[in-house]
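Participant: no sequence on this one, just coordinates:
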Ligand code: NFS
């Protein structure tokens, strides 16, 4: 494989050359060694749900057409898909549950060291949930919001999850009810979905798929709670400027890399790092401590603290290979176990922090909410110590980084647009859609996937859409890719936007006295909930369903189970959803047909599985045009 076929990112390419020269292994080497990958697994036709298996069903009709228990291809594929969705739901929700329980404990006065920073957001969430706010102080409200959030996990109301309803137009909620895909609680649905996919349980593929959508909507609730409560704790993001790519590492600073997903940890780390700057300087680091992020922890810290993004998913190993990372602190999700092999070649301290995420050989500094300040101090001091052991001869920081703008929460956007229309800031977008300046909106989500060159699909789909006047918003590792490529800058508008989009941006800039970037960075992957909030606000303002809007989703390099859950709830919300890599459902024509065609009749949303970025963009634009036409008919 040439470096270009591995990554579009010049910084990654440079590091890959170094890795090749030094004989260091990367994700791409392991991918090559894994070829050819199992055809049964790739198509979703391998079942390991009981000890009689594995059973593999032959898609060509030459081998067995049923598993040992008699299970058919469509049930195996649907069951595997449901389990993948549930993996994502469990991930997002466990993250959200941590924040929810922390909020409850803080409100009860059991934990110090965290506090409600954003009372306005607290009020907004309380109102959204329909809680009585009159005459209640911050602490009382915090308690109630936290209780409500925790209740969404265990379904203690015996009712539907209360964070779901206010997030979608009423008509969409009714559709969810009709389809019976609203769970009583997040934990309930995870429980049910794992059960229904066990041996000897649900064999009806359509029933299974609806069960999967139920889990997906619970994932959406988990994401929403993650966003809302993190905002309450750490502040709702406002527009910030920063930088992205390996070049943000600073030779003259202690480079402390945070990687994972939980702002509960990384916010403490950055706060402590700022407090211990002098210790770093005493240790010889002229520029103090440079906290930089990978994956969604990076996005969370960027959004609220302006911390630079050093890498997205595929280049996490490369960040260590620069020899300049003094510590990499990881919490949950998207952390490659291979990081330990790489840190073994350098002075870098790999620090795990969560009781359920340990890596053999890594240093474990248990991070507890009750001792957060001390734990963060230990982490930061470990990094400063490691800096003293850095070998200058092995430092190779690629000279690639790009400036960027981020922090586009819905609140930040509406604050800005209220300068144009104070009463109805959302009309700034709807008017531009009605005028045809904005042809549609695309929500970008997701990862890197080694099956496609790093960042290439992301950038190509986005450029193609922008050229066709589609307003793009982004979260997660794709947002990082856009940052590296200069697409999160106003300058990119002139370069890549179509005439309509250019007009929208230039009129907005005149009115706001501030230029907006071509693509709006909305945050981490749980912050896809922000994109839904925006979509629902537009739909409600226009008096239509969210599934009627010229609104599409794209995950050009999806990798994690979480991306599958997000994609599945995006489809449930009515969004045509592009996935740029193969999904293991092709083993069943029935499941494939349901996901890519029939879903549209029921939910308006459906999956577009398309590896070619240009063709993907064409398909998304065709869908946007169809919706605009239908909306005009309705008007
Ligand atoms: Ni989303 Fe964010 Fe990145 Fe993918 Fe992983 S960090 S939660 S899963 S790889 S975008």
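Facilitator: Received it, and whenever you're ready, just let me know what you need. Worth saying up front: this structure is predicted, and the values here are computed from it rather than measured.
Participant: and whichever helix in the chain runs longest, does that touch the ligand?
Facilitator: Identified as the longest helix of the chain according to DSSP state H is helix 73-107. No: Helix 73-107 does not reach the ligand (CB under 6 Å from any ligand atom); its nearest approach is 7.7 Å. (C-beta placed from N, C-alpha, C; glycine too.)
Participant: tell me what that helix is packed against?
Facilitator: When contacts are defined as 3 or more CB pairs under 8 Å, 6 or more residues apart in numbering; DSSP states H and E, helix 73-107 sits against strand 46-47, helix 138-154, helix 186-196, helix 205-234, helix 263-275, helix 561-572, helix 589-593.
Participant: Could you give me the buried positions within the helix or strand just after it?
Facilitator: The helix or strand immediately downstream of helix 73-107 is helix 119-128, counting by DSSP states H and E. Neighbour counts using 16 or more other CB atoms under 10 Å place 121-126, 128 of helix 119-128 among the buried residues.
Participant: And for stretch 491-502?
Facilitator: 492-493, 496-498, 500-502.
Participant: Spatially nearest residue to the residue nearest the centre of the chain (excluding sequence neighbours)?
Facilitator: By CA atoms, centre = their mean, the mean C-alpha position of the chain lies nearest to residue 525, the distance being 1.7 Å. Counting by CB to CB, 6 or more residues apart in numbering, the nearest residue to residue 525 once its immediate chain neighbours are dropped is residue 476, at 4.1 Å.
Participant: who touches residue 552 in this structure?
Facilitator: Taking CB atoms under 8 Å, 6 or more residues apart in numbering, we find residue 552 in contact with 440-443, 575-578, 620, 623-624.
Participant: wait, what's in contact with residue 328?
Facilitator: Counted by CB under 8 Å, 6+ apart, residue 328 has contacts 257-259, 294, 319-320, 339, 343, 348-351.
Participant: Could you confirm it falls within a strand?
Facilitator: Yes: checked against DSSP: H, G, I helix; E, B strand; the rest coil, residue 328 lies within a strand.
Participant: List, one by one, the residues from the stretch 201-350 of the chain near the ligand.
Facilitator: Residues of the stretch 201-350 of the chain lying near the ligand (CB under 6 Å from any ligand atom): 261, 295-296, 313, 334.
Participant: Considering those residues, which possesses the most neighbours?
Facilitator: In terms of neighbours by other CB atoms under 10 Å, those top out with residue 296 at 34 neighbours.
Participant: Any buried residues in the helix or strand that residue falls within, and which?
Facilitator: Using DSSP H and E, residue 296 sits within helix 295-305. Across helix 295-305, burial judged by 16+ other CB under 10 Å covers 295-305.
Participant: Make TSV out of these and add pLDDT.
Facilitator: Output for those, formatted as TSV (pLDDT from 0 to 100):
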residue	pLDDT
295	98
296	98
297	98
298	98
299	98
300	98
301	98
302	98
303	98
304	98
305	98
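Participant: what's near enough to touch the residue in the stretch 101-250 of the chain positioned nearest to the ligand?
Facilitator: Proximity of the stretch 101-250 of the chain to the ligand (CB to the nearest ligand atom) peaks at residue 223, 9.3 Å away. With contact taken as CB under 8 Å, 6+ apart, residue 223 is in contact with 92, 96, 525-529, 566.
Participant: And those residues, which is closest to residue 81?
Facilitator: Closest approach between these and residue 81, by CB to CB: residue 566, at 14.1 Å.
Participant: quick one: which helix or strand includes the closest residue to residue 341 other than its chain neighbours?
Facilitator: Computed as CB to CB, 6+ apart, the closest residue to residue 341 that is not its neighbour in sequence is residue 25, at 6.8 Å. Assigned by DSSP H and E, residue 25 falls within no helix or strand.
Participant: My read is that residue 25 contacts residue 339, right?
Facilitator: No: counting by CB atoms under 8 Å, residue 25 stays clear of residue 339, with 11.8 Å between them.
Participant: For residue 113, grab phi and psi.
Facilitator: Per-residue torsions, residue 113: phi 100, psi -20 (degrees, to the nearest 10).
Participant: residues near it, how many?
Facilitator: Other residues within reach of residue 113, judged by other CB under 10 Å, total 15.
Participant: contacting residues for the residue nearest to it when sequence neighbours are not counted?
Facilitator: Distances taken as CB to CB, 6+ apart put residue 372 closest to residue 113, at 4.7 Å, once the chain neighbours are dropped. Taking CB under 8 Å, 6+ apart as the criterion, residue 372 is in contact with 113-114, 264, 268.
Participant: do the same with residue 258
Facilitator: 265-266, 269-270, 291-294, 297-298, 301, 328-330.
Participant: how does it look with 10 Å?
Facilitator: Contacts were defined as CB atoms under 10 Å, 6 or more residues apart in numbering; by that measure residue 258 touches 265-267, 269-270, 273, 291-295, 297-298, 300-301, 307, 310, 327-331, 351, 353, 379.
Participant: Flag every residue of the chain that's near the ligand.
Facilitator: With CB under 6 Å from any ligand atom as the criterion, the chain meets the ligand at residues 261, 295-296, 313, 334, 446-447, 476-477, 524-525, 559-560, 562-563.
Participant: wouldn't residue 498 be in contact with residue 440 here?
Facilitator: No: Residue 498 sits out of contact with residue 440 when judged by CB atoms under 10 Å, with a separation of 11.6 Å.
Participant: list the residues that contact both of those two?
Facilitator: Joint contacts of residue 498 and residue 440 (CB under 10 Å, 6+ apart) are 465, 468-470.
Participant: Now residue 557. Nearest residue, chain neighbours left out?
Facilitator: With CB to CB, 6+ apart as the criterion, residue 557 has its nearest non-adjacent residue at 4.5 Å, and that residue is residue 449.
Participant: Need the pLDDT of that neighbour.
Facilitator: Here, the pLDDT recorded for residue 449 equals 98.
Participant: Now do the same for the residue nearest to residue 513 when sequence neighbours are not counted: helix, strand or coil?
Facilitator: Closest residue to residue 513 apart from its sequence neighbours, by CB to CB, 6+ apart: residue 419 at 8.0 Å. Put simply, residue 419 is coil when judged by three-state DSSP.
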